[in-house]
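In: sequence first, predicted coordinates after that:
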Amino acid sequence: MNKPRTALKILQQTLDVCASAPDCADSLAVTHLNTCAILSQLNRHKQAAEHAQKAIQHSQEQLLSTSISDQLEKHMDEDRKHEILTEKIVVLGIAYHNLAVEEADLLHFDASLQWYTKALKLAEAQIGPNETITETFRASYEAAKEVMRITGACPIAMQQIYERTGAAVSTTSRKVAARGRPKGKVL
């Protein structure tokens, strides 16, 4: 969609509906991630970061809730159980990663590196070290770490490097969902 403001309105309406509908619990994290992406496109990075944080919260609640156990029990096939759990972990990893991107856009480089680290560790441990999404998280983490190494964590130098190279890293990292999510899934 080439109309981010229209998309944002639709996503806000979806969040409003989901706030009062318990059936929407599964889609709240993804809706917050999509809202984050649109707000980021509009250069509203503080609000985008807030939606990434909400996506993390909803993803964690889903993974820790008893409802996931109930859902998994409904599906007796072990492959399907693994697929459902992996999807939820991927959403959490993408939320960590998107928050890292937004923190970098806000020039909060230490926080950004911490979120990149969380995304990478989660993906390596739960998805697999050689999966596409893990490799994307690793590349983002390494790029962020390199910026900090080159600048000696000097905020002014980091900002200058980020302004020269950050757009390419951010653009690449925002595409993580498109390349790294399980096949056939739409965020």
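Out: Nice, thanks for sending it over.
In: quick one: low-confidence ranges for the protein?
Out: Where the chain drops to pLDDT under 70, the residues are 1-2, 66-76, 152-159, 161-162, 165-187.
In: at 90 instead, please
Out: When residues are selected by pLDDT under 90, those of the chain lie in 1-2, 14, 16-27, 62-85, 104-105, 107-110, 143-187.
In: and the gap between Gly93 and Ile38?
Out: Using Cβ to Cβ, to the nearest Å, Gly93 is found at 20 Å from Ile38. Where C-beta positions appear, they are placed from N, C-alpha and C, glycine not excepted.
In: same question, Thr132
Out: Distance from Thr132 to Ile38, by Cβ to Cβ: 24 Å.
In: swap in Leu107?
Out: Computed as Cβ to Cβ, the Leu107 to Ile38 distance reads 21 Å.
In: and these two? Which one has more around it.
Out: Counted by other Cβ atoms under 10 Å, Leu107 and Ile38 do not tie: Ile38 has more neighbours, with 24 against 16.
In: mind naming the longest helix for the chain?
Out: Longest helix in the chain by number of residues (criterion: DSSP state H): helix 78-105.
In: can you list the buried residues in that one?
Out: Buried residues in helix 78-105, counted by 16 or more other Cβ atoms under 10 Å: 81, 84, 86, 88-105.
In: would you map the helices across this protein?
Out: So, for the chain - with DSSP H - the helices run 4-19, 25-41, 45-64, 66-74, 78-105, 109-126, 132-151, 155-174, 176-180.
In: what's next to the first one, contact-wise?
Out: This points to helix 4-19. Residues from elsewhere that reach helix 4-19 (Cβ atoms under 8 Å, 6 or more residues apart in numbering): 1, 24-25, 27-28, 31-32, 34-35, 38-39, 41-42.
In: off-centre distance for it?
Out: With Cα atoms, centre = their mean, to the nearest Å as the basis, helix 4-19 stands 18 Å off its chain's centre.
In: tell me the buried residues within the contacts of helix 4-19.
Out: For the contacts of helix 4-19, buried by 16+ other Cβ under 10 Å: Leu28, Thr31, His32, Asn34, Thr35, Ile38, Leu39.
In: which one of those residues sits closest to Gln62?
Out: Nearest to Gln62 among the buried ones among the contacts of helix 4-19 is Leu28, at 8.4 Å by Cβ to Cβ.
In: for that closest one, what are its contacts?
Out: Counting by Cβ under 8 Å, 6+ apart, Leu28 has contacts Leu15, Cys18, Lys54, Ala55, His58.
In: any chance of these in JSON lines, plus distance to Ile150?
Out: Putting those into JSON lines (distance: Cβ to Cβ, whole Å) gives the following:
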{"residue": "Leu15", "distance to Ile150": "39"}
{"residue": "Cys18", "distance to Ile150": "43"}
{"residue": "Lys54", "distance to Ile150": "33"}
{"residue": "Ala55", "distance to Ile150": "30"}
{"residue": "His58", "distance to Ile150": "36"}
